[in-house]
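> predicted model and sequence follow; I will ask about them next.
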Amino acid sequence: TWASGAMRWSGSPTDMATQRPGFPARLAPTVSASTPASSALRGRQPAVPPKPPVPSTPSMASDAVRARMVQKLAAQGISDARVLRAMGAVERHRFVDSALVNQAYEDTSLPIGLGQTISKPSVVARMIELLLAAPALTGKPQDRLGRVLEIGTGCGYQAAVLNHVATEVYSIERLRGLHERARTNLRHFRLATVHLMFGDGMVGYAKGAPYAGIIAAAGGEAVPEAWIEQLAVGGRIVAPTHSAKGGQALVVIDKTARGLERLILEAVHFVPLKSGVA
């Protein structure tokens, strides 16, 4: 890593463990204003050609721009067709500030306020692909993940992508300003299965457990025990954690009938995982 008034979490963080938030989230489709055709000029051509019509939405909204981003992701090694389709379907420019919209489909992280960032498209795609590669889904390429828990909603982008590959998404954000921003960003879509919650992501959300997958957009010293407890057998956690070299690395944890299996992968850089709300 989504909300109309129906998505509002009205209780305190402690209430989150006893109540299930009311949804769905209602989001309206993109509407582009039509542009009238230029009228013909009689007698002579104008000295200065007329300016082209200004589109009502940024050029970043075009399917071609997202298609080029997807092509680059495939060239970088993302091979799961479900992930590539999801990345191509979600309009990333809707989740960044207007001043940064021209960078929306570049492979870069961008500030979203409160010291937080929206992750690079390649990182989002990589982590979701890892989530879909859980052993329980081996040999079932057409299957969606079941219920997914996202730690760190941020601006809502990753939750929107997860919506295309999971049957249900619960997303927790500890910063109220970002929680509200994600609700605003997602108001333009119809995501009946995405649930946004304001609360402490380190404790997870036991009410929705067990989860087929848990994905985190912040890195701590270790994966919290609460996440492991809330993961279903056959499920997978993908999260950044502190590495032995002092930085961060992606860790994949599979919960099997025999116990936990951990795999440390490439170095990454995420904001720190913190407890509490702000």
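Received, thanks.
> phi, psi for the nearest residue to Ala134 once chain neighbours are set aside please.
Excluding the flanking residues, the one nearest Ala134 by CB to CB, 6 or more residues apart in numbering is Arg236, at 3.8 Å. C-beta: built from backbone N, CA, C; applies to glycine. Main-chain torsions, Arg236, degrees, to the nearest 10: phi -140, psi 140.
> ditto for the one 5 residues further on
Reported as degrees, to the nearest 10, the phi and psi values for Thr241 are phi -140, psi 160.
> give the contact list for it.
By CB atoms under 8 Å, 6 or more residues apart in numbering, Thr241 lies in contact with Gly219, Gly220, Glu221, Ala222, Val223, Gln248, Ala249, Val251.
> now with 6 Å, please.
By CB atoms under 6 Å, 6 or more residues apart in numbering, the contact list for Thr241 reads Gly219, Ala222, Val251.
> gap between the second one and Ile128?
Shown here: Ala222 relative to Ile128, a distance of 22 Å by CB to CB, to the nearest Å.
> what about those two, which has more around it?
More neighbours surround Ile128 than the other of Ala222 and Ile128, with 27 against 11 (other CB atoms under 10 Å).
> doesn't Leu84 make contact with the more buried one?
No. Look at Ile128 against Leu84 with CB atoms under 6 Å: they stay out of range, at 10.3 Å.
> who touches Arg82 in this structure?
Per CB under 6 Å, 6+ apart, neighbours of Arg82: Val165.
> before we move on, which element is it in?
Assigned by DSSP states H and E, Arg82 belongs to helix 81-89.
> just for the stretch 101-250 of the chain, where's the confidence low?
139-142 (pLDDT under 70).
> kindly recompute the last result at 90.
134-144, 188-190, 243-246 (pLDDT under 90).
> which residues in it form strands?
Ranges of strands within the stretch 101-250 of the chain are 110-113, 116-118, 145-151, 166-173, 194-198, 211-216, 231-242, 248-256, based on DSSP state E, counting those that start in this stretch.
> export those strands to a markdown table and tack on distance to Val268?
What follows is the strands of the stretch 101-250 of the chain, written out as a markdown table (distance: least, CB to CB, whole Å):
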| stretch | distance to Val268 |
| --- | --- |
| strand 110-113 | 16 |
| strand 116-118 | 12 |
| strand 145-151 | 15 |
| strand 166-173 | 19 |
| strand 194-198 | 24 |
| strand 211-216 | 11 |
| strand 231-242 | 5 |
| strand 248-256 | 5 |
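> and for the residue nearest to Ala134, the neighbour number?
Residues contacting Arg236 under the criterion other CB under 10 Å number 25.
> contacts only, for it.
Going by CB under 6 Å, 6+ apart, Arg236 touches Leu131, Ala134, Gly213, Asp254.
> wait, which of those residues is closest to Leu73?
For the contacts of Arg236, the minimum distance to Leu73 (CB to CB) is 15.5 Å, reached by Leu131.
> if I look at the closest residue to that closest one other than its chain neighbours, how far off is Gln103?
Nearest residue to Leu131 in three dimensions, chain neighbours excluded: Gly213, at 4.5 Å (CB to CB, 6+ apart). To Gln103, Gly213 is 29 Å away according to CB to CB.
> give me the more crowded residue out of the two.
Between Gly213 and Gln103, Gly213 has the larger neighbour count (other CB under 10 Å), namely 27 against 15.
> tell me how far that one lies from Leu145.
Gly213 is 5 Å from Leu145, by CB to CB.
> thought Ser243 was touching Gly219, still the case?
No. The pair Gly219 / Ser243 is not scored as a contact, 9.4 Å apart, by CB under 6 Å.
> of these two, who's got more company?
For Gly219 versus Ser243, neighbours defined as other CB under 10 Å are more numerous around Gly219 (24 against 16).
> now the more buried one, nearest residue through space, not along the chain?
Residue nearest to Gly219 in three dimensions, not counting chain neighbours: Pro240, with 3.4 Å by CB to CB, 6+ apart.
> partner residues bridging the one you found?
For Pro240, the beta-bridge partners under DSSP bridges are Leu250.
> separation between the residue nearest to Ala257 when sequence neighbours are not counted and Ala134?
When the adjacent residues along the chain are set aside, Ala257 lies closest to Val233, with 6.0 Å between them (CB to CB, 6+ apart). Distance, Val233 to Ala134, using CB to CB: 11 Å.
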